[in-house]
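Enquirer: Make a model of this:
(one chain, ligands or ions: 2)
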Amino acid sequence: MTRILLLGGTTEASLMAQALARAGVDAEFSYAGRTDSPAPQPLPTRVGGFGGVPGLVAWLRDHRISHVIDATHPFAAQMSRNAIMACAQTGIALVGLERAAWQPAPGDDWHPVPDVTAAVATLPEAPARVFLAIGKQTLAPFAAKPQHHYLLRLVDPPTGPLPLKLTTIVIARGPFDVAADNALLHDHAITHIVAKNAGGTGAEAKLTAARARGVPVILIDRPALPARKVVSTIDDVMVWLGHADTERGV
Ligand code: 3Y8
Ligand code: NAP
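Expert: Ligands and ions are numbered 1, 2, ... in the order given. Presented below is the predicted three-dimensional model:
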């Protein structure tokens, strides 16, 4: 009896949800509850943490889950680590659906860094105008360089004070397009971009705009994860589930 938990929150997860709904597979979609109004999904959806590994183990058992698809973001490392632990403890099958990291193209001025702290250190001392396209969870370290003006793009308006003083806030939910991101870099006279190497298409536009405008990009590498089975396409997941035939229907 196939019953799936789909850990979502990315473009790929939304496409995966559509494929599972189309195939009539019994699946539940899961959001962390980070945003005020997450995109609706074509599957029954739960929102919020499970309560660490023990909470996830209990949830998997209570819901008689047979397979877990981890389609969370490459930077959602804690969720992915918890899924690996919980599936190892319960013997439930796990696959990661992960998009490849972005690779530099001719004309890119990228400065890869291992983490947010290194990203802050890489910013210049002289005042700059920095587009922090990393969401709102990892802004605090940038308070170490208050001399810069920070353009923040957030999914929801901040509920409390931000750790940065010189800021302009743009509220927007991707996926983003090149023309709009080009205009954003121009209108705010951006001299540097800080971004996560998320991969995929939803956050890529700013990199394309940066290349055209010769804006340097400080690109944070994705965190390393323990070994697990990983595929990069929806079809690979359907094959893994043994539902490829359903998909190959007319
Ligand atoms: C809550 C679900 C879909 C999914 C769309 C993708 C594309 C647009 C681009 C920039 C970069 C950033 C951020 C971003 C993108 C997609 C994808 C992606 C980056 C939603 C969503 C949830 C989140 C959480 C949110 C984080 C934040 C990160 C903004 C929904 C819209 C910066 C990551 O306010 C907060 O606390 C926001 C938190 C985690 C990173 C951070 O640390 O702040 N995503 N983003 C998911 C949940 O609750 O489980 O609300 O509908 C999903 C998407 N965001 O279905 O089409 O797949 O990558 N999301 C990054 O990549 O750098 C924006 O601005 O250029
Ligand atoms: P994280 O740091 O890896 O996870 C922290 C905790 O949040 C997890 O331990 C878990 O809580 C809960 N959680 C995370 N994802 C969940 C999910 N899909 N369903 C249920 N609970 C979840 O996660 P994050 O980086 O904050 O990302 C949160 C969500 O935003 C994920 O859905 C991710 O796909 C999406 N997202 C993240 C980024 C990013 O840059 N990090 C970008 C785009 C989208 P418990 O321990 O209580 O179970």
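
Enquirer: What residues does this protein have near ligand 2?
Expert: 7-10, 30-32, 34, 49-52, 55-56, 72-73, 75-79, 82, 135, 137, 196 (Cβ under 6 Å from any ligand atom). Quick note: C-beta positions are derived from backbone N, CA and C, even for glycine.

Enquirer: got any ranges where this protein has weak pLDDT?
Expert: Within the chain, the segments meeting pLDDT under 70 span 244-250.

Enquirer: from the residues of the chain next to ligand 2, which are also near ligand 1?
Expert: G9, T10, Y31, A32, R34, H73, G135, Q137, K196.

Enquirer: Please report phi then psi for the fourth one.
Expert: In this entry, A32 is assigned phi and psi values of phi -80, psi -20 (degrees, to the nearest 10).

Enquirer: Show me what the helix or strand containing V68 pairs with in its sheet, parallel or antiparallel.
Expert: Using DSSP states H and E, V68 falls within strand 67-70. Paired neighbours of strand 67-70 in the sheet (DSSP bridges): strand 4-7 (parallel), strand 93-97 (parallel).

Enquirer: hang on, A39 packs against S14?
Expert: Yes - in terms of Cβ atoms under 8 Å, A39 counts as a neighbour of S14; the distance is 6.4 Å.

Enquirer: between those two, which one's more packed in?
Expert: Shown here are A39 and S14; by other Cβ atoms under 10 Å, S14 has more neighbours (19 against 14).

Enquirer: Can I take it that that one is in a strand?
Expert: No - assignment of S14 by DSSP: H, G, I helix; E, B strand; the rest coil gives helix, placing it outside any strand.
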